[in-house]
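J.: Sharing a model prediction with you, sequence too.
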Amino acid sequence: MELFTSTTAWFDDEHQLFAEVVKRFFADQLAPRIDDFVEQGVVDRDFWLAAGEAGLMGGSVPEQYGGSGGGRGFDAVVLYEQGQIGDSSWGYGIQSIVIHYILKYGTDEQRSNWLPQLVSGDVIGALAMSEPGCGTDVQSIKTTAIKDGNQYRVSGSKMFITNGGSADLVVLATKTDSAERAKGVSLILVDTRETEGFRRGKNLAKLGLHGNDTAELFFDNAKVPLTNLLGAEEGQGFYQLMRQLPWERLLIAITALGAMDLALEQTLDYVKARRAFDQRIMDFQNTRFKLAEMKTKTEILRSFVNDCISRLEDDRLSAERASMAKYWGSETQNEVMNECLQLYGGYGYMMEYPIARLYADARVQMIYGGTNEIMKELIARSIDD
């Protein structure tokens, strides 16, 4: 399957050519290594560099920073194709998020320094918001950044950080004014390679996403230059986060769609080949009805995701619409994975079949990026306004 539909407004010939490049790269460079990444719990550095060399991470970055100068539709293509090939280890989604924080809010010096390295894969990025005591409630974070001469002294910890085990650059949500809630939040760029007082916890053992190095991060009076503040002034972090969260939530729906297409394709092959009671599993009415239901849900999501990407490219994607994409996409993904696994019978429970990993990896989609309960609350607020 493909991400786009015949009536997709944002997808043009350049996106089609790019999609073909991404497909070939993933088939050659990613598919053969998925099991290795899952077993070792982290994606090798050389893969990041190869992806950078192939131009996968620069589609939406201006040419002056090493990119191709396109829109985030190019990022969407990469994210969809990654899901469609069955990988959830490579943390490109977070890389894209970090790139756009810096592109949107960074100083000229920050953009010139970090963007080319993020595009090339020489630097791996992470976004550190969640804390042990608070998840989506960014206004209540406890990590502090206190001015001390020409630097901040950062203290606190972050939990469940995607790419946390290998990140060279962390976009860190802190409180520069602990007396304030939203107005006290600032984002600070932390270079983990040279920051005294920074340390990582061990990679977290998870239900799924075994190939991604999700970790806890600790800041023990860590020294960070004042020039690493993201943006021109303190207290803008909450606004910056709220403006960028729609992209984070939409990309979850995009990856959900890719994984659903793969699950349906593989399940269809299985039920056509597997037999029971002298007929194909495909020939049972229950099987056909389940597949019809899943296919319909998938195509509905595809249309909505494409509409959201078009709105994003035109700077018209609202927070509530992105929340709808995240909520509906991740819920539907889990429904589809559950039904597909059931059609495999006992074999679906065996890790040698990709559907088992797709099922396990799907569960967190309803949690990170803001739980689906929070998504519903955000949608409800827009209705109540």
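T.: Nice, I can see it.

J.: Next up, the contacts around the residue positioned nearest the centre of the chain.
T.: Centroid-nearest residue in the chain: residue 93, 3.4 Å away (criterion: CA atoms, centre = their mean). The contact partners of residue 93, taken as CB atoms under 8 Å, 6 or more residues apart in numbering, are 79, 162, 248, 251, 252, 255. C-beta coordinates here come from the backbone N, C-alpha and C atoms, glycine included.

J.: Grab the nearest non-local neighbour of residue 105.
T.: Distance criterion CB to CB, 6 or more residues apart in numbering; nearest residue to residue 105, sequence neighbours excluded, is residue 231 at 4.6 Å.

J.: The one you found - that's part of a helix, no?
T.: No. Counting by DSSP: H, G, I helix; E, B strand; the rest coil, residue 231 is not found in a helix; it is coil.

J.: Count the residues that sit near it.
T.: By the criterion of other CB atoms under 10 Å, residue 231 has 19 neighbours.

J.: same check, this time on residue 1
T.: Quick note: residue 1 (other CB under 10 Å) scores 15 neighbours.

J.: before we move on, what about residue 33?
T.: For residue 33, the neighbour count with other CB under 10 Å is 18.

J.: Distance check, it against residue 257.
T.: Distance from residue 33 to residue 257, counting by CB to CB, to the nearest Å: 23 Å.

J.: ok so, going back, secondary structure element for the residue nearest to the centre of the chain?
T.: helix 92-105 (DSSP states H and E).

J.: Go ahead and name everything in contact with the very next helix or strand once past that helix.
T.: Next helix or strand after helix 92-105 toward the C-terminus (DSSP H and E): helix 108-120. Applying CB under 8 Å, 6+ apart, the external contacts of helix 108-120 come out as 49, 52-53, 57-58, 61, 65-67, 95, 98-99, 102-103, 106, 123, 125, 168-169, 189, 227-228, 230.

J.: Return the members of those classed as buried.
T.: The neighbour-count criterion (16 or more other CB atoms under 10 Å) marks 52, 57-58, 61, 65-67, 95, 98-99, 102-103, 106, 123, 125, 168-169, 189, 228, 230 among the contacts of helix 108-120 as buried.

J.: how about the residue nearest to residue 105, phi and psi?
T.: phi 100, psi -180 (degrees, to the nearest 10).

J.: again, but for residue 248
T.: Taking degrees, to the nearest 10 as the convention, residue 248 sits at phi -60, psi -40.

J.: so who does it touch?
T.: Going by CB under 8 Å, 6+ apart, the list of residues near residue 248 reads 93, 97, 369.

J.: now the residues you listed as TSV including pLDDT and distance to residue 272?
T.: Compiled in TSV, the contacts of residue 248 are given as follows (pLDDT from 0 to 100; distance: CB to CB, whole Å):
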residue	pLDDT	distance to residue 272
93	98	33
97	98	39
369	93	35
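
J.: Strands along the chain, start to end?
T.: Using DSSP state E, the strands of the chain run over residues 125-128, 144-148, 151-161, 169-175, 185-191, 198-203, 215-225, 275-276, 279-280.

J.: Now these in TSV, please, with extra columns for mean pLDDT.
T.: What follows is the strands of the chain, written out as TSV (pLDDT from 0 to 100):
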stretch	mean pLDDT
strand 125-128	98
strand 144-148	96
strand 151-161	97
strand 169-175	98
strand 185-191	98
strand 198-203	95
strand 215-225	97
strand 275-276	94
strand 279-280	96
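
J.: Looking at those strands, spot the one closest to residue 346.
T.: strand 275-276 (11.7 Å; CB to CB).

J.: strand partners of that closest one, parallel vs antiparallel please.
T.: strand 279-280 (antiparallel) (DSSP bridges).

J.: how does this protein divide into domains?
T.: 13-123, 126-235, 238-384 (automatic domain parsing).

J.: Quick check: which ranges of the stretch 1-150 of the chain have low pLDDT?
T.: 6-7, 135-136 (pLDDT under 70).

J.: quick one: the helices in it?
T.: 13-25, 34-40, 45-53, 73-84, 92-105, 108-120 (DSSP state H, counting those that start in this stretch).

J.: any idea which of those is most buried?
T.: The highest average neighbour count among these, using mean count of other CB atoms under 10 Å, belongs to helix 73-84 at a mean of 26.

J.: Taking helix 45-53 as reference, get the angle to that one.
T.: 140 degrees (axes from the mean of the first three to the mean of the last three CA atoms, to 10 degrees).
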